[in-house]
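Q: structure of the sequence below:
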Amino acid sequence: MNSKTLLVLAIILGVVAAFLLSPTWLAVRDREEPPSGELVRSMHFVLQRGEAVWLDESASLFLAEDGRRLLITRSTLSATSPTIGIATQSHYDARYRPVAYQLAAETSAGTQIVSGQSDGTRFAMEVRAGGARQTATARSSDGAFLLDNNVIAHYALLFEAIRAEAVPQTFSAIVPQVLAEIPARWADGGAVRFLSGDKAYDGKQITVGVGDVEIALVSYEGRLVGLVNRTQGTVAYDVDLLPNGLALPTEPMPATGVERRVAFSSGDLALVGTLSLPAARTPSAAVLIVGGSGPLDRDGNAPGLRMDAYRELALGFAQGGIASLRYDKRGVGESAGVADLASRTDLAADVRAAWTALAAQPEVANVLRFALGHSEGAYLVADLAADAGDVAGLVLLSGSPQSLAAVTRWQVETLVRAQGATEDQVAVALEQEDEYLAFVRASSGQWSDYTVEALRAALPWLSVAGAEQLKRSPLGLVWLREHYNADPRETLTRVSCPVLSLSGAKDMQVPPRDGEVMAEALGRAGNERVTSILMEDLNHVLRYHPEEPNLLYQHLDAPIDPRVVDTVRSWIDEVTVD
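A: Numbering: from 1, shown residues only. Reported below is the predicted structural model:
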């Protein structure tokens with residue numbers, strides 16, 4: 001294991017709330033030998049999110065006389081800048097079990113290669129990027145299937161294997177790009193009517209769940225024609241079969257009462273959100289919902305990642321008679337600005353503007369108003385409550401009394417220990433993280449103001465690829481610097497309103513016990529109206545998580561844990577009555 005690689009990974013994760021482990025974009029070089037077997041199928045898939053094409057993939061499937069299969073794909077990934085060419089080779093035995101795999105790419109950060117090989121019972125995986133190398137193993141016996149990131153044709157093979165009754169309904173997805181073996185399942189979704197252009201077709205669907213991701217495999221006349229990723233909001237379709245694309249009917253959303261678009265200003269920027277009101281009754285209270293880090297919209301979704309956490313909170317509040325306002329962060333959705341350049345100061349100003357906008361709504365003019373923050377949002381609403389005298393109560397979900405720098409350091413240690421690091425490797429990783437934190441604290445400007453050479457001079461252990469990743473990070477340097485230098489404990493000493501702190505015991509992004517530490521800090525400052533709850537089997541994104549904690553967001557296909565909504569709603573009701 002390479003501790004430098006792990007440190008760079010921890011930096012790119014960004015530590016707080018809103019990002020999945022970023023997939024590694026890789027591709028395979030041509031083999032000199034021609035593929036063996038008969039060409040039995042050619043496919044041409046396009047993956048879209050909205051109108052934007054993210055991936056264009058051509059695939060060829062060869063079948064040998066003994067039943068073995070070879071799948072070759074070539075694709076262009078446009079979801080990154082610059083675009084990246086991808087090519088893969090996947091070998092399967094006659095029962096569709098993975099035998100070997102290779103994927104590699106020439107990226108702006110250099111050559112990156114993923115490979116895998118089965119010995120009959122275990123599937124050994126390796127990821128190489130520059131001089132860094134990481135490995136892992138997965139089972140390759142019956143019940144395992146190769147489903148790597150961004151290889152759409154793997155799902156075409158899965159569809160074929162399911163029809164051949166070669167894959168049990170509960171199986172393991174081998175995902176070499178993230179060195180993971182993820183629990184997966186499939187279910188017959190029955191008949192479905194889908195659209196292609198202005199024509200409707202009666203097909204069938206199979207619903208596949210890989211971890212938290214839910215994908216509908218759509219077939220027509222026995223052949224897979226497309227995939228709909230319900231979690232990430234993407235659609236893939238075979239251009240040769242459906243040249244006019246693929247769309248499934250939109251599922252109706254549950255009623256939230258009454259909703260109204262609200263536009264307001266933060267400095268020179270126009271921000272937009274949604275006011276949710278209970279149906280047919282006067283609100284008993286109102287809540288400002290402030291989201292976590294990253295380019296989140298008002299519902300809690302980021303590009304390629306659908307969580308809907310804040311929309312579900314608003315729904316739950318409305319059903320309990322509580323109004324709420326949630327808004328698109330600057331540079332996201334309908335809100336103006338540039339998300340990557342937003343500083344902590346900018347985001348705090350946006351929270352104050354949203355608070356003022358909520359107070360201006362006539363339906364909530366005569367009720368108590370509460371501020372709720374999730375992850376990074378917990379820092380920001382604490383700032384609001386410390387400075388504003390009209391916050392009736394503060395709800396901190398997955399919050400921390402530590403600076404983001406301290407939380408980052410905890411994440412690095414947690415990550416390297418989870419990957420089996422020795423004490424010496426942990427010490428090296430933490431030493432490097434401390435150097436990184438010190439650099440950010442003393443930095444100036446944005447990442448774009450630093451050259452790769454300057455970053456490597458300041459952080460000698462950083463590879464060229466790592467330095468280029470930092471320069472492309474969606475977490476702005478100003479944002480990081482202000483968070484790393486902030487003192488949340490000092491802010492908490494100035495919060496005098498009632499506080500509810502709710503943390504998840506399965507949180508791997510914020511120390512689960514930080515909620516209790518936060519309550520103790522508030523108590524020492526004289527605030528006796530503090531409730532701290534550590535909720536068992538709850539992860540960072542507010543989902544029920546009975547498995548061991550990990551850094552892969554899980555259960556996003558399920559609604560947020562109803563205990564969260566019930567607890568917050570009951571607490572607001574108690575404070576309102578008091």
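
Q: helix or strand: which one has residue 576?
A: Using DSSP states H and E, residue 576 falls within helix 562-577.

Q: now do the buried residues in that helix.
A: Within helix 562-577, the residues scored as buried using 16 or more other CB atoms under 10 Å are 563-565, 567-569, 571-572, 575-576. C-betas here are computed from N, CA, C, even on glycine.

Q: C-terminal to the helix or strand of the chain with the lowest mean pLDDT, what's the next element?
A: Of the helices and strands making up the chain, the lowest-confidence element is helix 3-13, at a mean of 28, by mean pLDDT, DSSP states H and E. Following helix 3-13 in sequence order, the next helix or strand is strand 38-49 (DSSP H and E).

Q: tell me where the stretch 251-400 of the chain has strands.
A: Assigned by DSSP state E, counting those that start in this stretch, the strands in the stretch 251-400 of the chain fall at 258-266, 269-277, 285-290, 322-327, 368-374, 393-397.

Q: deepest in the core, which of those strands is it.
A: strand 393-397 (a mean of 29; mean count of other CB atoms under 10 Å).

Q: what does it contact?
A: Residues outside strand 393-397 that contact it (CB atoms under 8 Å, 6 or more residues apart in numbering): 287, 368, 370-375, 377-378, 381-382, 385, 495, 497-503, 515, 518, 542, 564, 568, 571-572, 575.

Q: if we use 6 Å, what do you get?
A: Under the criterion CB atoms under 6 Å, 6 or more residues apart in numbering, residues 370-372, 374, 378, 385, 497-502, 568, 575 lie in contact with strand 393-397.

Q: report the buried residues of the biggest helix by length in the chain.
A: Assignment by DSSP state H gives helix 423-442 as the longest helix of the chain. Neighbour-count burial for helix 423-442, with 16+ other CB under 10 Å as criterion, is recorded at 425-426, 428-430, 432-433, 435-437, 439-440.

Q: now these as TSV including distance to residue 454?
A: Below are the buried residues of helix 423-442 laid out as TSV (distance: CB to CB, whole Å):
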residue	distance to residue 454
425	27
426	28
428	23
429	23
430	24
432	17
433	19
435	14
436	14
437	17
439	10
440	14
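
Q: could those be laid out in CSV, adding pLDDT and distance to residue 266?
A: CSV is the format used below for the buried residues of helix 423-442 (pLDDT from 0 to 100; distance: CB to CB, whole Å):
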residue, pLDDT, distance to residue 266
425, 90, 44
426, 91, 42
428, 92, 43
429, 90, 38
430, 94, 38
432, 93, 37
433, 94, 33
435, 96, 35
436, 95, 31
437, 96, 29
439, 96, 30
440, 96, 25
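
Q: out of the strands of the stretch 251-400 of the chain, which is closest to residue 148?
A: strand 368-374 (31.3 Å; CB to CB).

Q: what's residue 168 in contact with, if anything?
A: Contacts of residue 168 (CB under 6 Å, 6+ apart): residue 143.

Q: where does it land in three-state SS?
A: coil (DSSP: H, G, I helix; E, B strand; the rest coil).

Q: okay, now the unreliable bits of the chain?
A: 1-36, 79-81, 106-110, 212, 230-232, 250-257, 551-554 (pLDDT under 70).

Q: before we move on, back to that, pull the longest helix of the chain out as CSV, backbone CA atoms only.
A: As requested, the backbone C-alpha atoms of helix 423-442 are provided in CSV (Å, rounded to 0.1, in the frame of the first residue of the first chain):
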residue,chain,number,x,y,z
GLU,A,423,1.5,2.2,12.4
ASP,A,424,4.5,3.5,10.5
GLN,A,425,2.3,4.0,7.4
VAL,A,426,-0.3,5.8,9.5
ALA,A,427,2.4,8.1,10.9
VAL,A,428,3.7,8.9,7.5
ALA,A,429,0.2,9.6,6.2
LEU,A,430,-0.6,11.9,9.1
GLU,A,431,2.8,13.7,8.8
GLN,A,432,2.0,14.4,5.1
GLU,A,433,-1.6,15.5,6.0
ASP,A,434,-0.2,17.9,8.6
GLU,A,435,2.1,19.4,5.9
TYR,A,436,-0.9,19.7,3.5
LEU,A,437,-3.0,21.4,6.2
ALA,A,438,-0.2,23.8,7.1
PHE,A,439,0.2,24.7,3.4
VAL,A,440,-3.5,25.4,2.9
ARG,A,441,-3.8,27.5,6.1
ALA,A,442,-0.9,29.7,4.9
